[in-house]
Structures are given as structure tokens and as C-alpha cells.
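Participant: Sequence first, predicted model second:
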Amino acid sequence: MDKPPKPKIRISERELQDKLLNDQGGYRDRMDKLEMQCTYDEPANAASNQEPRTRSKLFKFRDNGVTVMALHCFLKVDCSLGASGKFDPKVLMVNGIIFFK
């Protein structure tokens, strides 16, 4: 029998960032146990005004095969984060609810 789909709620970029910053999903202490996969890795678009050779990347994190968050970042040549210097959440699961922007 298939599992019922998780409820999905669209929220603002700021609300999604706050949920990640406040660790509402409780993933910070479990990051090393989550499966991580880079699903997008391309040169940063010139319109993003990043340093040359910066990459635009999207990482998906799964817990027991379920995607619990997707985070975007700009990764500079020195492996530091570009733009704001923070990950930009695209999807975050909190208490079984999938929040996205």
C-alpha cells in the first residue's frame, strides 16, 4: 500500500530561511546521518554577480529515502559559500509538512 503524500505548503523565502535558521526540522544534529546528493552543479549565471568560476549547486538531503530538505548555494573556487555566505533553502520538511517557496 502506498504511503499518503506529505502535505505541502508554499511560504515566503524569509519564512523558509527562518525555519532553517531556527532548525525547525531538527536536522542540524543529524546532518551526518542524512543522505546527501548534489542534484545540480553548473557555473553560476552571470546575472548572479558571483566571482568567476563560482558554481551554482543544489543539494538534496534524505532521511530513510524521504527528501527532508533541498538547499542551494553558490560555491566559490576556495570552497567557501558565495552570495550571502549561507545556504538558501528551497524545500524543508518540518513535522511531516513540506514547506517550499
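Facilitator: Nice, I can see it.

Participant: Leu71: what's it in contact with?
Facilitator: 20, 58-59, 61, 87-90 (CB atoms under 8 Å, 6 or more residues apart in numbering). C-betas here are computed from N, CA, C, even on glycine.

Participant: Kindly present the residues you listed as JSON lines, with separate columns for distance to Ala70 and secondary structure.
Facilitator: Formatted as JSON lines, these follow (distance: CB to CB, whole Å; DSSP: H, G, I helix; E, B strand; the rest coil):
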{"residue": "Leu20", "distance to Ala70": "11", "secondary structure": "helix"}
{"residue": "Leu58", "distance to Ala70": "6", "secondary structure": "strand"}
{"residue": "Phe59", "distance to Ala70": "7", "secondary structure": "strand"}
{"residue": "Phe61", "distance to Ala70": "7", "secondary structure": "strand"}
{"residue": "Phe87", "distance to Ala70": "10", "secondary structure": "coil"}
{"residue": "Asp88", "distance to Ala70": "10", "secondary structure": "strand"}
{"residue": "Pro89", "distance to Ala70": "7", "secondary structure": "strand"}
{"residue": "Lys90", "distance to Ala70": "4", "secondary structure": "strand"}
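
Participant: Just give me the closest of the residues you listed to Asp32.
Facilitator: Distance to Asp32 across the contacts of Leu71 (CB to CB) is lowest for Phe61, with 11.0 Å.

Participant: where's the most centrally placed residue in the chain, which helix or strand?
Facilitator: Central residue of the chain (CA atoms, centre = their mean): Leu71, 1.4 Å from the mean position. Assigned by DSSP states H and E, Leu71 belongs to strand 66-75.

Participant: can you give me the helices in this protein?
Facilitator: Per DSSP state H, the chain carries helices over the ranges 13-21.

Participant: Low-confidence stretches in it?
Facilitator: Applying pLDDT under 70 to the chain flags residues 1-2.

Participant: hey, where'd the strands end up in it?
Facilitator: For the chain, strands defined by DSSP state E occupy the ranges 8-10, 35-43, 55-63, 66-75, 88-94, 97-100.

Participant: I'm done for today, thanks for sticking with me.
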